[in-house]
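# coordinates for the following, if possible.
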Amino acid sequence: MTNYDNGANRPETLRTSFLSRSLFANDHKTIGLNYLWLALFSVFLGMAMSLLMRIHLVWPGVHLPFLSSFGNSPDRFAALTTLHGSLMVFLVLTAAPQAGFGNYFLPLQIGAREIAFPALNLLAFWATVASLLGLTMTFFLSPHPAITLWIVSVAVFCAASLLNALNFSVTTIDLRAQGMTLPRLPLTVWAWFVNAILGMLIFSILLAACVCLLSDRLLSTHFFPQLYFLTNQPDGAVVNAVSVLWQRLFWFFTQAEVYVAMLPCFGFVTHLVSTFSRRPVWKERLVVLALCGVGLFGFCVWGQHMFSSGMNPFSPLVFSLLASSLGLPATILLVSWLGTLWNARVQLNTAMLFALSFVSLFLSGGLSGIFLARHDLAAAAVSDDFVTGHFHLVMGVAATFAILGALFFWFPKLFGRRLNEPLGKLHFWLTFAGVYCVFMPMHWLGLIAHSRVSPLASAPAVGSGIRTFITAAILLTVFAQGLFLINFLWSLFRGDEAKECNPWRASTLEWSVSSPPPADDFGPSDPVVYRGAYEFSVPDVAEDFVPQYLAPEQGTKAGKSGE
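Below is the predicted model:
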């Protein structure tokens with residue numbers, strides 16, 4: 001349990017300068033907010049790049065002012081694609097739900113006053129900033145130094161993620177408040193904890209692979225010789241083993257990275273569905289096992305993309321079965337969400353709408369993933385459009401919706417104000433319609449490319465029309481994000497103040513303190529936990545919930561706990 005003698009949980013001395021308070025403070029709340037600002041900048045930069053790529057794909061002759069100064073060469077567009085993917089995967093889908101929300105709320109939800117290693121936490125943040133700068137600079141360099149800088153930036157991000165994963169694991173295990181047993185942990189904390197363990201395993205592998213690549217480029221070593229990448233028929237078993245090494249290291253990280261991005265989102269959605277349906281999580285302990293199952297199976301399916309690399313013929317079957325086995329924990333999560341919503345008094349605010357849309361997107365994208373879990377060449381023959389639509393629908397868009405739902409939910413706690421609900425719902429519906437109009441047609445493009453029914457002469461015309469429709473839908477979606485940005489900035493400075501500590505009548509510990517939380521989180525006395533995290537629809541109490549921090553003899557005063 002919690003031990004504050006090591007100095008990690010002592011309140012930080014208040015600083016006066018802006019730089020000390022905002023950029024160089026090792027307070028977990030400040031660092032969490034800085035990660036969120038970093039992710040917000042990255043997501044809008046990544047969206048601008050995706051818009052440029054779609055315009056070039058549909059209208060290749062259009063003059064693009066931003067790219068014309070760089071020659072409009074194929075290398076520029078390859079660099080643009082790489083930078084878009086790097087920013088969205090690393091700086092948005094990894095940094096925002098885990099490092100951003102996790103840094104801010106994990107200590108608050110377990111009753112700790114600080115993260116386990118505050119100095120390492122600050123070091124990890126600045127390493128992430130350096131990684132962002134390095135990734136962005138690669139676009140302005142010639143190919144050879146750009147590739148070297150990209151590898152260095154990814155390695156730095158991996159090191160930062162390892163520090164975060166270590167911090168989260170130790171904090172969850174060692175700094176829980178009195179009474180905060182493992183069964184009483186909120187599911188968001190479970191998701192961050194499982195994700196931290198998975199992150200320690202896979203980011204270390206990618207870090208080692210990046211170090212080997214840099215060694216080959218700068219020190220003339222031969223971990224991944226170019227000859228082995230270029231040859232189609234290696235002469236010996238040793239050569240073949242070396243040629244497959246990079247593929248194994250790459251997919252060992254990349255396949256599991258999908259679940260690094262999704263695990264915190266599973267926690268967010270479960271938390272929001274329970275809070276706004278006013279019901280306990282259906283089969284909560286089974287959901288915990290499902291989160292652990294996602295982490296375990298996600299760690300073990302790295303070989304499903306390597307069926308044509310000369311591995312044992314039975315290996316693809318094993319990996320395909322493991323990939324298909326991910327359907328079991330995913331089904332448990334889906335059934336739990338539906339069971340929690342059954343006969344519930346659902347509050348359809350913006351946060352809940354984003355949570356429910358996550359369920360829709362996760363289910364739609366998961367169905368298309370069944371085709372990609374096959375281990376034969378027919379699955380590999382599916383065009384890039386199908387894979388792009390599936391990947392973005394599940395990992396990109398669904399995770400982004402969960403992040404937005406968490407932001408609408410925790411915005412009062414982060415800034416002491418509330419986002420505008422009518423504008424938020426308008427942003428939601430435009431975005432929801434836009435992303436389906438963007439990524440579902442990509443599945444159709446992938447099927448048309450290998451269709452045996454449609455005449456070949458009509459396929460290009462149909463594909464061109466669909467691509468134009470997708471580009472128009474992207475413009476609509478980008479416009480909707482402008483509404484979100486207006487809502488965010490207006491609410492940040494002029495929004496309605498959150499006059500209550502607990503405006504959502506939630507039951508976890510972060511809602512027991514003022515908004516935003518004080519410097520030492522919980523004031524002079526340490527919190528004590530008396531029950532689980534989802535005590536909703538409780539009979540014989542003044543309200544329909546009982547917070548974790550409320551003593552049994554005060555149960556009838558639950559309705560006044562947020563005042």
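# only C-alpha atoms from now on, for both contacts and neighbour counts.
Will do.
# how about low-confidence regions in the stretch 1-150 of the chain?
Applying pLDDT under 70 to the stretch 1-150 of the chain flags residues 1-20, 61-62, 64-75.
# where do the helices sit along it?
Secondary structure of the stretch 1-150 of the chain (DSSP state H, counting those that start in this stretch): helices located at 18-22, 28-58, 65-68, 74-86, 101-110, 118-137, 143-174.
# I'd like those as TSV, with mean neighbour count appended.
As requested, the helices of the stretch 1-150 of the chain are exported to TSV (neighbours: other CA atoms under 10 Å):
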stretch	mean neighbour count
helix 18-22	12
helix 28-58	20
helix 65-68	11
helix 74-86	17
helix 101-110	26
helix 118-137	20
helix 143-174	21
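# right, and these - which one's nearest residue 491?
helix 28-58 (15.3 Å; CA to CA).
# check which helices and strands the closest one sits against.
Contact partners of helix 28-58 among helices and strands, from 3 or more CA pairs under 8 Å, 6 or more residues apart in numbering; DSSP states H and E: helix 18-22, helix 74-86, helix 101-110, helix 118-137, helix 458-494.
# just to revisit the earlier point, so which of the helices of the stretch 1-150 of the chain is nearest residue 438?
helix 28-58 (10.7 Å).
# could I get the helices of the stretch 1-150 of the chain as a markdown table with distance to residue 521?
Output for those, formatted as a markdown table (distance: least, CA to CA, whole Å):
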| stretch | distance to residue 521 |
| --- | --- |
| helix 18-22 | 16 |
| helix 28-58 | 9 |
| helix 65-68 | 46 |
| helix 74-86 | 34 |
| helix 101-110 | 7 |
| helix 118-137 | 15 |
| helix 143-174 | 15 |
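# what's the closest of those to residue 405?
Set against residue 405 and scored by CA to CA, those come closest in helix 101-110, at 11.9 Å.
# what would the helices and strands packed on helix 28-58 look like in CSV with distance to residue 337?
Listed next are those as CSV, based on distance: least, CA to CA, whole Å:
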stretch, distance to residue 337
helix 18-22, 38
helix 74-86, 30
helix 101-110, 21
helix 118-137, 33
helix 458-494, 27
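# okay, helices next: where are they in the stretch 351-500 of the chain?
377-380, 384-391, 399-415, 421-448, 458-494.
# how far away from the center of its chain is the third one?
Translated: helix 399-415. On the basis of CA atoms, centre = their mean, to the nearest Å, helix 399-415 sits 13 Å off its chain's mean C-alpha point.
# and if you look at the second one?
Averaging C-alpha coordinates over helix 384-391 and over its chain gives two centres that are 19 Å apart (CA atoms, centre = their mean).
# that helix - contacts with which helices or strands?
Against helix 384-391 (3+ CA pairs under 8 Å, 6+ apart) you get helix 350-372, helix 421-448.
# ok, the closest residue to residue 186 other than its chain neighbours - contacts?
Leaving aside its chain neighbours, residue 186 sits nearest to residue 533 (5.3 Å; criterion: CA to CA, 6 or more residues apart in numbering). Taking CA atoms under 8 Å, 6 or more residues apart in numbering, we find residue 533 in contact with 184, 185, 186, 507, 508, 547, 548.
# secondary structure class for residue 533?
coil (DSSP: H, G, I helix; E, B strand; the rest coil).
# and the contacts of the helix or strand harbouring residue 291?
Here residue 291, judged by DSSP states H and E, is contained in helix 284-300. Helix 284-300 is contacted by residues 183, 187, 190-191, 194-195, 198, 202, 252, 255-256, 259, 263, 266, 319, 322-323, 325-326, 328-330, 332-333, 336 when judged by CA under 8 Å, 6+ apart.
# and these, which are buried?
187, 190-191, 194-195, 198, 202, 252, 255-256, 259, 263, 266, 319, 322-323, 325-326, 329-330, 332-333, 336 (16 or more other CA atoms under 10 Å).
# so how far is the first residue of stretch 169-182 from its last?
Separation of the first and last residues of stretch 169-182 by CA to CA, to the nearest Å is 13 Å.
# report the rounded mean pLDDT for it.
For stretch 169-182, mean pLDDT rounds to 94.
# sorry, back to before: TSV please, covering the contacts of residue 533 and showing neighbour count.
Output for the contacts of residue 533, formatted as TSV (neighbours: other CA under 10 Å):
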residue	neighbour count
184	17
185	21
186	24
507	26
508	26
547	26
548	26
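# show me which pair in those residues is furthest apart.
Farthest apart among the contacts of residue 533 by CA to CA are 185 and 547. That separation is 12.9 Å.
# picking up where we left off before, with mean neighbour count as new columns, can the helices and strands packed on helix 384-391 be given to me in CSV?
Shown next, in CSV, are the helices and strands packed on helix 384-391 (neighbours: other CA under 10 Å):
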stretch, mean neighbour count
helix 350-372, 20
helix 421-448, 19
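# much appreciated, bye for now.
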